[in-house]
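Trainee: Okay, here's the prediction I keep looking at, along with the sequence it came from:
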Amino acid sequence: MTIEKAMQRIVWRVSNGNYTPNQNDVEAVTIVAEWINRQKAQELQQNRLFAKMYVYCFINELQFYQNIKFAQKKIHEILKTPLIELYGQFKEKLNFIEYNLLLKSLGFCNLHPALTKKEQQEKEYVLTRENNEVMEKYLLGIWTPEKIEMGLNNQITEAINHYKNLN
């Protein structure tokens, strides 16, 4: 149960039961509610960078899913995911992009083989034989988990240090 739900339950119980609240009960609930609101404001102020990234991600997930509940669920799934797993996903995506950039730089087209003309297929066969070694290196991934973790950790801490005092 979240703090909000607990507070809603207390307010509901006091206002909807056979119990008639007195002035002390109302004052106690008011004090607790004000404390909760102050804590939330303080937490948000201390985590403004997180709040910015949360809203940015929320906007993108909302645009993708076109449903606020699904977008919110996706963000919470991401927040539950261990950081090292996200680093791994980043590594896979970056290596995929690097491989595709290599292929493009070598002269490969990005069409499905069924849509590629015979001349292009023959050209790509020759390109594959000529560049097999470098293609294999890129296919296996030029970015290692260690490089990714070190690079992302560096970028994240630099961003935190640079932007932590900005609104």
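Mentor: That came through, no problem.

Trainee: How much space separates Glu92 from Leu101?
Mentor: 15 Å (CB to CB, to the nearest Å). From N, CA and C alone the C-beta is placed, and that goes for glycine too.

Trainee: actually Lys5, not the one I typed
Mentor: 49 Å.

Trainee: Which pLDDT value goes with Gly17?
Mentor: Note for Gly17: predicted pLDDT of 65.

Trainee: So what's the residue count around Ile91?
Mentor: Wrong residue type there; residue 91 is Lys, not Ile. Other residues within reach of Lys91, judged by other CB atoms under 10 Å, total 20.

Trainee: check contacts around it.
Mentor: Applying CB atoms under 8 Å, 6 or more residues apart in numbering, we find Lys91 in contact with Gly141, Trp143, Thr144, Pro145, Ile148.

Trainee: For the helix or strand hosting Thr157, buried residues please.
Mentor: Using DSSP states H and E, Thr157 maps to helix 145-163. Across helix 145-163, burial judged by 16 or more other CB atoms under 10 Å covers Ile148, Glu149.

Trainee: Just the residues contacting that helix, thanks.
Mentor: Leu49, Ile84, Tyr87, Gly88, Phe90, Lys91, Leu94.

Trainee: so which strand or helix has the residue positioned nearest the centre of the chain?
Mentor: The geometric centre of the chain, computed from its C-alpha atoms, lies nearest to Ile78 (CA atoms, centre = their mean), at 5.6 Å. Counting by DSSP H and E, the element that carries Ile78 is helix 68-80.

Trainee: May I see the buried residues of that helix?
Mentor: Ala71, Lys74, Ile75.

Trainee: again with stretch 3-23
Mentor: Val14.

Trainee: Check the offset of that stretch from the chain's centre.
Mentor: Stretch 3-23 has its average C-alpha position 37 Å from the chain's average C-alpha position, going by CA atoms, centre = their mean, to the nearest Å.

Trainee: got the CA coordinates for that stretch in PDB?
Mentor: Taking Å, rounded to 0.1, in the frame of the first residue of the first chain, the C-alpha atoms of stretch 3-23 are listed here in PDB:
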ATOM      1  CA  ILE A   3       1.300   6.400   1.400                       C
ATOM      2  CA  GLU A   4      -1.400   8.000  -0.700                       C
ATOM      3  CA  LYS A   5      -3.600   4.900  -0.500                       C
ATOM      4  CA  ALA A   6      -3.100   4.700   3.200                       C
ATOM      5  CA  MET A   7      -4.000   8.300   3.600                       C
ATOM      6  CA  GLN A   8      -7.100   7.900   1.400                       C
ATOM      7  CA  ARG A   9      -8.100   4.900   3.500                       C
ATOM      8  CA  ILE A  10      -7.800   6.900   6.800                       C
ATOM      9  CA  VAL A  11      -9.800   9.800   5.400                       C
ATOM     10  CA  TRP A  12     -12.400   7.500   4.000                       C
ATOM     11  CA  ARG A  13     -12.600   5.500   7.300                       C
ATOM     12  CA  VAL A  14     -13.000   8.700   9.400                       C
ATOM     13  CA  SER A  15     -15.600  10.200   7.100                       C
ATOM     14  CA  ASN A  16     -17.700   7.200   6.000                       C
ATOM     15  CA  GLY A  17     -17.900   4.900   9.000                       C
ATOM     16  CA  ASN A  18     -20.100   4.900  12.100                       C
ATOM     17  CA  TYR A  19     -17.300   6.700  13.800                       C
ATOM     18  CA  THR A  20     -17.700  10.500  14.100                       C
ATOM     19  CA  PRO A  21     -14.400  12.300  14.000                       C
ATOM     20  CA  ASN A  22     -13.700  15.000  16.400                       C
ATOM     21  CA  GLN A  23     -11.600  18.100  15.900                       C
END
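
Trainee: Fine, thanks again, bye for now.
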